[in-house]
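Engineer: Starting from these lines, generate the structure:
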Amino acid sequence: MKKVGILTFHDEPNYGAFLQTYALSEAVKALGYDVEIIDLRMSGKYNYSLLMKLLSPLIWRLIFESARSKFLNRSKIVYRSSNDLFKNPPNCDVYLLGSDQVWNKDITRELKYSYFFDFVPEGKIICSYASSFGTNEWFFDSDETVKISSLLNRFSSVAVRESTAVSMCKTYSDVDAVEVLDPTLLISNYSSLLSSEPKNTNKMVCFKFNQGASFYNFLESFKLKVDYKISILAKTMPLKGFGNIPLPSVRRWIMSIAEAELVLTDSYHALIFSIIFKKQFIVLPANTKNFNRLSELLQELDLSDRIFYSYEEVLNDDRWKNKINYSDVHKLLSVKVNRSKDILRKLLQGTSV
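Structural biologist: Predicted coordinates:
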């Protein structure tokens, strides 16, 4: 059985990072391959707040590491630099990059070329699934562009997460990339991550990266408009009048969304799991510059009306009360899922997509 080595962001204290790694691993295994996660550590590379930096060792041990140990087959060798990768590269039949913002140099920094597989020997299958630049603007300088173009042209096929990435690959590297779904949408059964069947509750769950006084002021006003009990996921300090889930496990994070009546979020993966579990949701973008991955997905599923660009818009426009027709949504989604699975199969075979 051929072995696929997946390189992605798997070791960050981040729910989306774990879930996209898990989902891509499961999707590849379903196609008949052995899977190994190339254990390149990105710890310390994210620009976290001081509080998150202080808490991250605790989160790493108590929350994410237990899930990684149980569900991810990581390489025995831990790589901490590009030099480590060159000295002792992982031995795989296929090297698969993605998903996540693996081409965002603000995150990868000195490892940026590693995420273009510069360490992989010639003659191996190199491919990308749902890789992302994390922005809709090219931000590599001329020397970086030349290097990246050379590396991308070694890939047998390139599949990316956004249409903007398709354009950038063509414009700056003359590579014909295709757009695919995030791997978390390739599997529909997440029961292995859950210890019980989700139950419907009269709750609204908020999961926002971008919090602050204006957000909490908004919640005070919003709770007067709804009958839901409002809980905030991953808020470290309690807020009077609201439920608080400070350091949820992966299971608790998923269950909180699966059991909610309404989800309010600026998170891409919280949005995806709202769709998977057929939840009503409100999307409030944290940063419109880097919002394309959410907006493109919502547009493709005819759900753009779930986007609100300010707290005032949510309070003054009740369109969020309109029930989402998930029969239509999942019909659209199933076509895209089947196409993305077919592309993944071809990627791993080294054939053109």
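Engineer: and the longest helix for this structure?
Structural biologist: The residue-count maximum for a helix in the chain (DSSP state H) belongs to helix 326-349.
Engineer: Which parts of that one count as buried, going by neighbours?
Structural biologist: Within helix 326-349, the residues scored as buried using 16 or more other Cβ atoms under 10 Å are 330, 333, 336-337, 340-341, 343-349. C-betas here are computed from N, CA, C, even on glycine.
Engineer: now do stretch 182-200
Structural biologist: By 16+ other Cβ under 10 Å, the buried positions in stretch 182-200 come out as 182-187, 190, 193, 198.
Engineer: okay, the residue with the largest distance to the centre of the chain: pLDDT?
Structural biologist: Using Cα atoms, centre = their mean, the residue of the chain lying farthest from its centre is Leu224. It sits 32.6 Å away. Here the pLDDT value assigned to Leu224 is 94.
Engineer: Contact partners for it?
Structural biologist: Residues near Leu224 by Cβ atoms under 8 Å, 6 or more residues apart in numbering: none.
Engineer: The one 3 residues further on now?
Structural biologist: Contacts here follow Cβ under 8 Å, 6+ apart; on that basis Asp227 touches Asn202.
Engineer: Kindly report the same for the one 4 residues further on.
Structural biologist: Ser231 makes contact with 203-206, 242-245, 256, according to Cβ under 8 Å, 6+ apart.
Engineer: quick one: low-confidence parts of the stretch 1-150 of the chain?
Structural biologist: 43-61 (pLDDT under 70).
Engineer: which stretches of it form helices?
Structural biologist: Assigned by DSSP state H, counting those that start in this stretch, the helices in the stretch 1-150 of the chain fall at 15-30, 50-59, 65-71, 82-87, 105-108, 142-152.
Engineer: Can you tell me the closest non-neighbouring residue to Leu151?
Structural biologist: Nearest non-adjacent residue to Leu151, counting by Cβ to Cβ, 6 or more residues apart in numbering: Phe116, 3.9 Å away.
Engineer: er, Thr21 actually
Structural biologist: Nearest in space to Thr21, with sequence neighbours left out and distances taken as Cβ to Cβ, 6+ apart, is His10 at 4.1 Å.
Engineer: gap between the one you found and Asn202?
Structural biologist: 35 Å (Cβ to Cβ, to the nearest Å).
Engineer: Settle it for me: which of the two has more neighbours?
Structural biologist: His10 (25 against 12; other Cβ atoms under 10 Å).
Engineer: From what I see, that one and Gly16 are in contact.
Structural biologist: No - in this structure, His10 is not within contact of Gly16 by Cβ atoms under 8 Å, at 11.0 Å.
Engineer: Could you check how far Ile275 is from Asp302?
Structural biologist: Taken as Cβ to Cβ, the span from Ile275 to Asp302 is 12 Å.
Engineer: what touches both of those two?
Structural biologist: Common neighbours of Ile275 and Asp302, using Cβ under 8 Å, 6+ apart, are Val329.
Engineer: Tyr79: which of the buried residues of stretch 182-200 is nearest?
Structural biologist: Closest approach to Tyr79 among these (Cβ to Cβ): Pro183, at 21.8 Å.
Engineer: Of all the helices of the stretch 1-150 of the chain, which one is nearest Tyr129?
Structural biologist: By Cβ to Cβ (comparing all of these), the closest turns out to be helix 15-30, at 6.5 Å.
Engineer: Which neighbouring elements make contact with that closest one?
Structural biologist: Taking 3 or more Cβ pairs under 8 Å, 6 or more residues apart in numbering; DSSP states H and E as contact, the helices and strands that helix 15-30 lies on are strand 3-7, strand 34-40, helix 65-71, strand 125-131, helix 250-258, helix 268-276, helix 326-349.
Engineer: mind checking how far that helix is from the chain centre?
Structural biologist: Relative to the centre of its chain, helix 15-30 is centred 10 Å away, using Cα atoms, centre = their mean, to the nearest Å.
Engineer: circling back: any chance of the buried residues of stretch 182-200 in TSV, plus secondary structure and pLDDT?
Structural biologist: Output for the buried residues of stretch 182-200, formatted as TSV (DSSP: H, G, I helix; E, B strand; the rest coil; pLDDT from 0 to 100):
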residue	secondary structure	pLDDT
Asp182	coil	97
Pro183	helix	98
Thr184	helix	98
Leu185	helix	98
Leu186	coil	98
Ile187	coil	93
Tyr190	coil	95
Leu193	helix	94
Pro198	coil	88
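Engineer: quick revisit: most packed of the helices of the stretch 1-150 of the chain?
Structural biologist: Mean neighbour count (mean count of other Cβ atoms under 10 Å) peaks for helix 15-30 among the helices of the stretch 1-150 of the chain, with a mean of 22.
Engineer: Contacts for it, please.
Structural biologist: The contact list for helix 15-30, computed with Cβ under 8 Å, 6+ apart, reads 4, 6, 8-11, 35, 37, 64, 67-68, 71-73, 96, 98-100, 129-130, 182-187, 193, 250, 253-254, 267-270, 273, 341, 344, 348.
Engineer: go again using 7 Å as the cut-off
Structural biologist: By Cβ atoms under 7 Å, 6 or more residues apart in numbering, the list of residues contacting helix 15-30 from outside reads 4, 6, 8-10, 35, 37, 64, 67-68, 71-72, 96, 98-100, 129, 182-184, 186-187, 250, 253, 267-269, 344, 348.
Engineer: go on, stretch 343-353?
Structural biologist: Stretch 343-353 has contacts (Cβ under 7 Å, 6+ apart) with 4, 27-28, 31, 33, 94, 96, 125, 127, 129, 156-157, 159, 178, 180.
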